[in-house]
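> Can you look at this prediction? I've put the sequence above it.
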Amino acid sequence: MTTTNLKRTLTGTVTSDKMDKTVTVLIERKVKHPLLGKIIRVSKKYHAHDENNEFRQGDVVVIEECRPLAKTKAWRVAKLVEKSEAA
């Protein structure tokens, strides 16, 4: 029996890296409004674990679901998609 990776993954932008070993990631989705039918942007922020403090504000990252690591932190940064322009 093979094990498959059933963890949910989301792609978003790092908005804060001020905490130790934690980054805040902004996830934006486009959904259709149920009554108006207009496409609207819905955003949500997640705290994600960053073991080596390597991700900076503006980076585009993929986060994956994991066990709860703190009161508000149940996601882990899986990989870097795009480095931010600012140095």
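Right, received. Where do you want to start? Numbers count the residues shown, from 1 in each chain.
> Report the beta-bridge partner residues of residue 23.
residue 48 (DSSP bridges).
> just checking, it touches residue 76?
No: proximity of residue 23 to residue 76 does not meet the contact threshold set by C-beta atoms under 8 Å, at 10.4 Å. To be clear about C-beta, it is placed using only N, CA and C from the backbone, and glycine gets the same treatment.
> Give me the spatial nearest neighbour of residue 51, chain neighbours excluded.
residue 21 (6.1 Å; C-beta to C-beta, 6 or more residues apart in numbering).
> Distance-wise, check that neighbour relative to residue 58.
Distance, residue 21 to residue 58, using C-beta to C-beta, to the nearest Å: 19 Å.
> How about residue 71?
Residue 71 is 26 Å from residue 58, by C-beta to C-beta.
> same deal with residue 30?
Taking C-beta to C-beta, one finds residue 30 at 21 Å from residue 58.
> show me where this protein has strands.
9-16, 22-32, 39-49, 60-65, 73-82 (DSSP state E).
> okay if I get the ones you listed as TSV plus mean pLDDT?
Shown next, in TSV, are the strands of the chain (pLDDT from 0 to 100):
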stretch	mean pLDDT
strand 9-16	96
strand 22-32	97
strand 39-49	97
strand 60-65	96
strand 73-82	95
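> could I get those as JSON lines with mean neighbour count?
What follows is these, written out as JSON lines (neighbours: other C-beta atoms under 10 Å):
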{"stretch": "strand 9-16", "mean neighbour count": "17"}
{"stretch": "strand 22-32", "mean neighbour count": "15"}
{"stretch": "strand 39-49", "mean neighbour count": "14"}
{"stretch": "strand 60-65", "mean neighbour count": "17"}
{"stretch": "strand 73-82", "mean neighbour count": "16"}
